[in-house]
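**Student:** sequence below, structure please.
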Amino acid sequence: GIYSQADTFLDLFADGAVRIGNSSAGAPTTYVAVEPTGDTYYVGDGSGVPFGNMHLAGDATVTVSASETWYEVNVNTPDFTAGKLNNITFSDHYITVAKAGMYSVVAQAALATSIALQEVGLNVMVNGTVATADHGHGTVQTAGRSSSIPYTTILDLAANDQVSLAVINHTLATDITVEHAQLTITQVGGT
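**Tutor:** Here you go, the predicted model:
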């Protein structure tokens, strides 16, 4: 049923679930369902909140000409490949959001240098500019052996913003080898 049991509220009731979606004849095929318990889920291709993932399966060398400077991990496909995408597109080394909003960003990279004891960092760029002052940080203990660096943040993104990975060497102007990396982004709210 549809009711207004209290002023300013519209109440929808169903024994199975309230479904909101396309209006095809019969039952909808793409929809969001809210069960009487409050559990919410999505059904059908192209449904759900915007999300996307990309990963670097091989190695990429980032030329570092100055310490304390952020460098975009700018290698082209097929080095970076797309994972699952919904209302997000992938191209070369970045993903582009279609909808403005607040996004949860989870990144990880295995970083190596040819010199031991290099302090390195991982961050994300939005449209080619480092997004936040905070970042994932670690030390490459042994030359040529990678350190896994995680990073998470929340970003306020506009439609068509491009998100990519960035690395820094805090110690010296020594190149960084990105030996694997991934970036996952999910919309968590509006802006």
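**Student:** ok, and the helix or strand in this protein with the lowest average confidence?
**Tutor:** Sorted by mean pLDDT, DSSP states H and E, the helices and strands of the chain end with strand 18-21, the least confident at a mean of 82.
**Student:** direction included, what does that one pair against?
**Tutor:** strand 31-34 (antiparallel) (DSSP bridges).
**Student:** shaky segments in this structure?
**Tutor:** Filtered on pLDDT under 70, the chain yields the residue ranges 23-25, 75-78.
**Student:** ok, Gly16 to Tyr31 distance?
**Tutor:** Distance of Gly16 to Tyr31, given as CB to CB, to the nearest Å: 12 Å. In this view, the C-beta of every residue, glycine as well, is placed from N, C-alpha and C.
**Student:** direction included, what does whichever strand or helix holds Thr184 pair against?
**Tutor:** Secondary structure assignment for Thr184, by DSSP states H and E: strand 176-189. Using DSSP bridges, the strands paired with strand 176-189 are strand 51-56 (antiparallel), strand 60-62 (antiparallel), strand 101-112 (antiparallel).
**Student:** for the shortest one, give me every contacting residue.
**Tutor:** The reference is to strand 60-62. Strand 60-62 is contacted by residues Tyr71, Val73, Asn74, Val75, Asp79, Val167, Asp175, Ile176, Thr177, Val178, Ala181 when judged by CB atoms under 8 Å, 6 or more residues apart in numbering.
**Student:** I'm done for today, thanks for sticking with me.
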